[in-house]
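>>> Next comes the sequence, and after it the predicted model I'd like to discuss.
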Amino acid sequence: MNFARQRLLPIYPHPDPEILLQEVPSELEKQIGVLRRQVTATYRDAHKQVQGLVDRWIGVEHTVESRVKAVISPEESLTPSILYIGVSTLTGSILTRSRSLPLRLIFPPLLFALSSAHLLPKTTSNLSSYLGSLEDTYAPAIAQKHDVAIAHSVMAWGRIKEAAQDARKSLEGSVLGGVGKVQEVTGLKVGEVWKLGEEKQAQVVETAKAVEETAKAAGDKVQAQVVEAVKVVEKKFEEAGPDVETNVEKKAEVKRLV
């Protein structure tokens with residue numbers, strides 16, 4: 001009896017058992033994954049380095065651009081001036097091609113500096129100030145020697161100017177002394193004539209200006225008088241003659257004569 005009960009089938013079917021599938025990669029797939037991750041990391045590092053170099057280069061470009069804009073004066077045109085500076089430098093090289101070596105080395109840069117200072121004064125001043133700041137920052141010893149050389153050059157130039165002024169004064173004194181000696185020997189009033197000539201020259205200039213102003217005033221006065229006379233004549237003709245055409249002809253004749 002109990003055995004029969006155990007063999008009876010259930011009324012409801014049993015649920016299906018759950019089947020779990022677990023993916024197990026092979027050794028080849030593991031190696032490919034590792035290689036792929038290494039290549040991706042290498043690519044990312046290389047991309048970061050390249051991007052860093054690009055950013056640094058862009059920063060350098062912006063720095064150079066801002067520095068060039070600060071050096072070049074907007075008030076000066078570079079198009080013809082640079083050509084003239086190059087021509088002057090090349091001319092210095094041509095002129096000194098058969099000279100000594102020091103002259104060939106010094107003369108073209110000297111012409112370059114002079115022509116640039118003459119044609120582009122503000123740009124040259126900005127460039128020299130920038131180079132001076134670089135020299136002070138990276139080569140202070142050379143900058144100090146450079147400043148000493150500039151100071152000596154300024155002192156030498158001042159001495160040359162003083163010597164020129166002294167020579168001019170001595171020349172004027174010599175001329176005046178010579179004039180005095182000539183006056184003593186010949187008895188002629190050369191000094192007075194000299195001074196008189198300078199005074200006469202100044203008087204002539206003043207007289208010419210006065211004559212020009214007087215002539216201008218006289219011309220304006222005469223013109224005003226002529227205009228007044230024409231108006232008076234026109235008024236007389238209008239009062240005297242009833243014929244309009246005759247008056248018009250007379251007016252034209254009077255204007256032509258005046």
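Arrived safely, thanks for sending.
>>> what are the ranges of the strands in the stretch 51-200 of the chain?
Counting by DSSP state E, counting those that start in this stretch, the stretch 51-200 of the chain has no strands to list.
>>> The residue nearest to residue 112 when sequence neighbours are not counted: neighbour count?
Nearest non-adjacent residue to residue 112, counting by Cβ to Cβ, 6 or more residues apart in numbering: residue 89, 4.4 Å away. Bear in mind the C-beta positions are built from the backbone N, C-alpha and C, glycine included. Counted by other Cβ atoms under 10 Å, the residues lying close to residue 89 total 20.
>>> One more: residue 206?
Neighbour tally, residue 206, other Cβ under 10 Å: 10.
>>> Now it: which helix or strand?
helix 190-240 (DSSP states H and E).
>>> quick check: mean pLDDT across that helix?
For helix 190-240, mean pLDDT is 59.
>>> One more: stretch 164-173?
Per-residue scores along stretch 164-173 average to 78.
>>> List the residues that contact residue 118.
Neighbour list for residue 118: empty [criterion: Cβ atoms under 8 Å, 6 or more residues apart in numbering].
>>> contacting residues around stretch 79-92?
Contacts of stretch 79-92 (Cβ under 8 Å, 6+ apart): 107-112, 114-116, 119-120.
>>> Okay, helices next: where are they in the stretch 1-150 of the chain?
All helices of the stretch 1-150 of the chain, identified by DSSP state H, counting those that start in this stretch, fall at 2-7, 27-71, 78-95, 101-119, 121-138, 140-186.
>>> Including distance to residue 16, could these go into CSV?
CSV is the format used below for the helices of the stretch 1-150 of the chain (distance: least, Cβ to Cβ, whole Å):
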stretch, distance to residue 16
helix 2-7, 23
helix 27-71, 31
helix 78-95, 89
helix 101-119, 96
helix 121-138, 84
helix 140-186, 90
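>>> Compare these and say which comes out lowest on pLDDT.
Across the helices of the stretch 1-150 of the chain, the lowest-scoring stretch is helix 2-7, with a mean of 54.
>>> Name the nearest residue to residue 113, ignoring sequence neighbours.
Using Cβ to Cβ, 6+ apart, the closest residue to residue 113 is residue 124 (8.0 Å).
>>> State the distance from the one you found to residue 134.
Computed as Cβ to Cβ, to the nearest Å, the residue 124 to residue 134 distance reads 16 Å.
>>> which one of these two has more residues nearby?
The neighbour count for residue 124 versus residue 134, taken as other Cβ under 10 Å, is higher for residue 124 (19 against 11).
>>> you'd agree the more buried one is up against residue 116?
Yes. Shown here, residue 124 and residue 116 form a contact pair, counting by Cβ atoms under 8 Å, at 4.8 Å.
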